[in-house]
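Enquirer: show me the folded form of this:
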Amino acid sequence: MDFDTTFNEEYRPLVGYCHRLCGDRDTAEDVAQEAMVRLFERDVDGSPAGIRAWLFKTATHLIRDRYRVEGNRKRLLSENPVMPTESESPDNVLEQAEKRARARRALDAMPTRDREMLLMRYSGFSYREIAETVDVAATSVGTLLARAERRFIDVLAAAGEPA
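Expert: Residues are numbered from 1 along each chain as shown. Purely as a prediction, here's the structure:
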């Protein structure tokens, strides 16, 4: 098979077929090109009629695949809509960064066990997981966390920071 000859003879009719099938000229050209690339890469051999049939069958499958993917994408977007978010103002971004910096300074000034327990608790760890990690009884975790939170507030107050 001479690819150049096949391309010159079959590309325009293939684009026309794809255009009628999908209704969009750009998509038709993309699909026709993809079918031609696959013909070239796979080095399909056969009679001119067989190669023509292979191209049109491949293009049909490519268009069907596009419709299926697009249908899935639309279904997923309708089930899980993407909600636009408002960008934060620079003032809010700066304020949040300052709050994080104050909290980090307060945590750094606390005893290690208190700091670890607070960070674990506010990261979603259970009392049992905290107890195992810091090697304390699970029944005492609540009391220890309450004391750690009190120390955190005291450290912030001592630095003149709001709690």
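
Enquirer: identify the single longest helix in the chain, thanks.
Expert: Using DSSP state H, we find that the single longest helix of the chain is helix 48-79.

Enquirer: what average pLDDT does that one get?
Expert: Averaging pLDDT along helix 48-79 gives 89.

Enquirer: secondary structure class for Val44?
Expert: Assigned by DSSP: H, G, I helix; E, B strand; the rest coil, the conformation of Val44 is coil.

Enquirer: which one is it nearest to, not counting chain neighbours?
Expert: Trp54 (5.5 Å; C-beta to C-beta, 6 or more residues apart in numbering). Bear in mind the C-beta positions are built from the backbone N, C-alpha and C, glycine included.

Enquirer: okay, that neighbour and Asn8: tell me how far apart.
Expert: Distance of Trp54 to Asn8, computed by C-beta to C-beta, to the nearest Å: 17 Å.

Enquirer: neighbour count winner among the two?
Expert: Shown here are Trp54 and Asn8; by other C-beta atoms under 10 Å, Trp54 has more neighbours (17 against 10).

Enquirer: quick one: the more buried one and Asp26, what's the gap?
Expert: Taking C-beta to C-beta, one finds Trp54 at 23 Å from Asp26.

Enquirer: what do you get for Ile153?
Expert: Ile153 is 62 Å from Asp26, by C-beta to C-beta.

Enquirer: could you pull out the buried residues of the longest helix of the chain?
Expert: For helix 48-79, the neighbour count (16 or more other C-beta atoms under 10 Å) marks Ile51, Arg52, Trp54, Leu55, Phe56, Thr58, Ala59, Leu62, Ile63, Arg66 as buried.
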